[in-house]
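J.: no sequence on this one, just coordinates:
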Ligand code: SAH
């Protein structure tokens, strides 16, 4: 089995890389891929860059050129719900693009023709995640091409989409996987909570929250191996 793991940033990738024995590195379309093997699972790690377009094109390359069976995206996110605090881990049950807006045509905010509004993560991978750690939180993750800082924006995304956290890639990875019928799972650790100045918390907690989610990912890969 071959899995692709997408990271928006180098810090997030490095946090997982330390747990793996990298066997090979190669570059494709200016993206650097790292190949590792954990038990029986071939893992392909790649840094996509920040934002929905970078993440979407990386997902398509993993599907078309690397022919992965599953896609994961792990990294950090900003908390927008009282239920989540810094360093908590959120597993996306589904994802939505909070900046997708064709409401002028009487569609709901976030609704994408031929795709829908919420895209669910793979049921089997969600079940597997449930068995990995009892403290994981499950809920909606909202993505958009904005580093969100304003409390009002966080409250709006929380109430409109029922989202636990916001980030900038997950829902675009979900959209490509959905359209290509590839099972996927998105897991994020909270690096900041929106307070008007959360880029400071983001910088402070990026590495520790990346480590937390990397540890969960390693456990998850081991479970994949057991059930395969
Ligand atoms: N420091 C980087 C920019 C980071 S953007 C630079 O200068 O280039 C924030 C990244 O972390 C994105 O990949 C996004 O997915 C995630 N993220 C964490 N907190 C976020 C928030 N409050 N709003 C949106 N994305 C957030």
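T.: Sure thing, it's come through. Quick caveat, the model's predicted, so the values are computed rather than measured.
J.: Show me the beta-bridge partners of the residue of the chain found nearest the ligand.
T.: In the chain, the residue found nearest to the ligand is residue 78; the distance is 2.4 Å by CB to the nearest ligand atom. C-beta: built from backbone N, CA, C; applies to glycine. Taking DSSP bridges as the rule, residue 78 bridges to residue 166, residue 192.
J.: What number of residues are in the vicinity of it?
T.: Counted by other CB atoms under 10 Å, the residues lying close to residue 78 total 28.
J.: What residues does this protein have near the ligand?
T.: Residues of the chain found near the ligand (CB under 6 Å from any ligand atom) are 8-9, 50, 75-78, 147-148, 166-169, 191-192, 194, 198, 202.
J.: After whichever strand or helix holds residue 189, which helix or strand is next? Please name it.
T.: Using DSSP states H and E, residue 189 sits in strand 184-193. Where DSSP H and E defines the elements, the next helix or strand beyond strand 184-193 is helix 199-227.
J.: Quick one: work out the angle between that next one and strand 184-193.
T.: Relative orientation of helix 199-227 with respect to strand 184-193: 150 degrees, computed using axes from the mean of the first three to the mean of the last three CA atoms, to 10 degrees.
J.: what comes up buried for helix 199-227?
T.: Residues 201-202, 205-206, 209-217, 220-221, 224 are the ones in helix 199-227 that count as buried (16 or more other CB atoms under 10 Å).
J.: wait, which of the residues you listed is closest to residue 107?
T.: residue 202 (32.0 Å; CB to CB).
J.: before we move on, back to that, can you say which of the residues of the chain next to the ligand are buried?
T.: 8-9, 50, 75-78, 148, 166-169, 191-192, 194, 198, 202.
J.: Now do residue 173 against residue 152, distance only.
T.: 27 Å (CB to CB, to the nearest Å).
J.: my guess is residue 194 meets residue 154, correct?
T.: Yes - here residue 194 reaches residue 154: they are 3.6 Å apart, a contact under CB atoms under 8 Å.
J.: Overlap of the contact sets of the two?
T.: Residues touching both residue 194 and residue 154 by CB atoms under 8 Å, 6 or more residues apart in numbering: 78, 80, 148, 166.
J.: Identify the farthest-apart pair in these.
T.: Longest span within the shared contacts of residue 194 and residue 154, CB to CB: 80 and 148, 7.5 Å.
J.: Give the residues shared as contacts by those two.
T.: 154, 157, 166, 194.
J.: check contacts around the first one.
T.: Applying CB under 8 Å, 6+ apart to residue 154 gives the contacts 78, 80, 148, 166, 193-194.
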